[in-house]
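S.K.: any chance you could fold what I've pasted below:
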Amino acid sequence: MHYNINWIITSDSNFRLGGDTMIKNLSGEYETVEYDEKKYVMLYDNTDNESYPVHWHNAVELIMPLKNEYIVNVGGVDYHIPENDILVIPPCELHSMPAVKGRRLIFQCDNAILGGVSALEAAMRAVSSPLIINSAYDTELHILAQRTILDIVPLYSSRAELSDVKIYLRLIELFTAMREHQLERQKGMMDCADDKLDEYSEKFGTVLKYIDNNYMYDITLEQLADIAGYSKYHFSRIFKQYNSMSYLQYINARRTKAAETLLLDPDIPITEVAMRSGFKSLTTFNRVFKDIKHCTPSDFKKFYETRQ
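M.R.: Purely as a prediction, here's the structure:
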């Protein structure tokens, strides 16, 4: 199925988008996203033939070219996005765009809205790394992603009371479907019977929830293996195979996510942020945070303070 996105947009006389200037406030590499009328979302109908420097922000970003291929560099990797395919960029990822002729929809939503709801943490794992959604990746997911953008377009310009709620409901549906697809792909990579896959899904779901709720405390391999009911050696091997990262990498990623929120509070010192996020030392915190976010906690905090 192919949507005539250009026709839908140009045929809507009430359609309004954000201004052409995408990056309005840039301090160092940190971009302050100015959400339109406190919607906590921003949608650009971008036709600028100009480059955008390396930057990052706290928003989840979806980019869909309408005319001509678009190129986005995320974390040093070039992503070539054909017309009507969608690139999903996680929050806090360094990215840049070279000057490219054409037209694209660029959508940004405040990660604090979705990422701050504990019940949605499982779905938000879908946006942990950049992803191009196209028919080759998954046809049904590609159609859903296109439909999500199309549904958001009129909702964005609507003044109806529930328009913002409906935008986030569609995003939740998309991110949930993305996560379901990721889990299915992970299962497909594991050479075992279906009943064993169901067992892993249940057990690791319990383990991930435990980590999400206890990241601020000391968590050992023995504890997690005991929760799953495996030996620590079997647990460590299967966890990495099932989740595409080691248990320690997952813990550090969860702690870093918590630290991001704490760093936004100007009254909390960085040392306290490290301790409250579960890091045993400031040195470890600085190293892990920079490995994941490509900047130091101090830089992250300074970038945010420029918004005040």
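S.K.: for the rest of this, base every contact and every neighbour count on C-alpha atoms.
M.R.: Fine.
S.K.: all strands for the stretch 151-300 of the chain, in order.
M.R.: In the stretch 151-300 of the chain, no strands are defined using DSSP state E, counting those that start in this stretch.
S.K.: quick one: low-confidence parts of it?
M.R.: Applying pLDDT under 70 to the stretch 151-300 of the chain flags the ranges 191-194.
S.K.: any idea how far residue 295 is from residue 52?
M.R.: Distance, residue 52 to residue 295, by Cα to Cα, to the nearest Å: 19 Å.
S.K.: leaving out chain neighbours, which residue sits closest to the residue of the chain positioned farthest from its centre?
M.R.: The outermost residue of the chain, judged against the average C-alpha position, is residue 231 (32.6 Å), by Cα atoms, centre = their mean. Distances taken as Cα to Cα, 6 or more residues apart in numbering place residue 225 nearest to residue 231, at 5.9 Å, with adjacent residues excluded.
S.K.: what's around the one you found, how many residues?
M.R.: Around residue 225 there are 19 other residues, counting by other Cα atoms under 10 Å.
S.K.: residues touching it, list them.
M.R.: 231-232, 235-236 (Cα atoms under 8 Å, 6 or more residues apart in numbering).
S.K.: for residue 258, same thing?
M.R.: Per Cα under 8 Å, 6+ apart, neighbours of residue 258: residue 277.
S.K.: so residue 60 lies in a strand, does it not?
M.R.: Yes - the assignment for residue 60 is a strand, going by DSSP: H, G, I helix; E, B strand; the rest coil.
S.K.: that one and residue 42, how far apart?
M.R.: In terms of Cα to Cα, residue 60 sits 10 Å off from residue 42.
S.K.: name the residues contacting each of these two.
M.R.: 108-109.
S.K.: and the helices in this protein, which stretches?
M.R.: Assigned by DSSP state H, the helices in the chain fall at 5-10, 111-115, 121-124, 139-157, 163-188, 194-214, 221-228, 232-243, 247-263, 270-276, 282-293, 297-305.
S.K.: could you dump the ones you listed to TSV with distance to residue 65?
M.R.: Below are the helices of the chain laid out as TSV (distance: least, Cα to Cα, whole Å):
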stretch	distance to residue 65
helix 5-10	10
helix 111-115	22
helix 121-124	24
helix 139-157	11
helix 163-188	18
helix 194-214	35
helix 221-228	43
helix 232-243	31
helix 247-263	30
helix 270-276	39
helix 282-293	27
helix 297-305	29
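S.K.: what's the closest of those to residue 81?
M.R.: For residue 81, the closest of the helices of the chain is helix 139-157, at 12.9 Å, according to Cα to Cα.
S.K.: would you mark the buried spots in the closest one?
M.R.: For helix 139-157, the neighbour count (16 or more other Cα atoms under 10 Å) marks 141-150, 152-157 as buried.
S.K.: same check on stretch 94-107?
M.R.: Of the residues in stretch 94-107, 94-97, 102-107 count as buried by neighbour count, 16+ other Cα under 10 Å.
S.K.: in strands, which of those appear?
M.R.: 95-97, 103-107 (DSSP state E).
S.K.: least confident pick among the residues you listed?
M.R.: Among those, residue 95 carries the weakest pLDDT, at 86.
S.K.: out of the helices of the chain, which comes closest to residue 67?
M.R.: Closest among the helices of the chain, once you apply Cα to Cα, is helix 5-10, at 8.5 Å.
S.K.: quick revisit: and the gap between the residue nearest to residue 231 and residue 176?
M.R.: 27 Å.
S.K.: what sits up against stretch 177-187?
M.R.: Residues outside stretch 177-187 that contact it (Cα under 8 Å, 6+ apart) are 122-126, 141, 197, 241-244.
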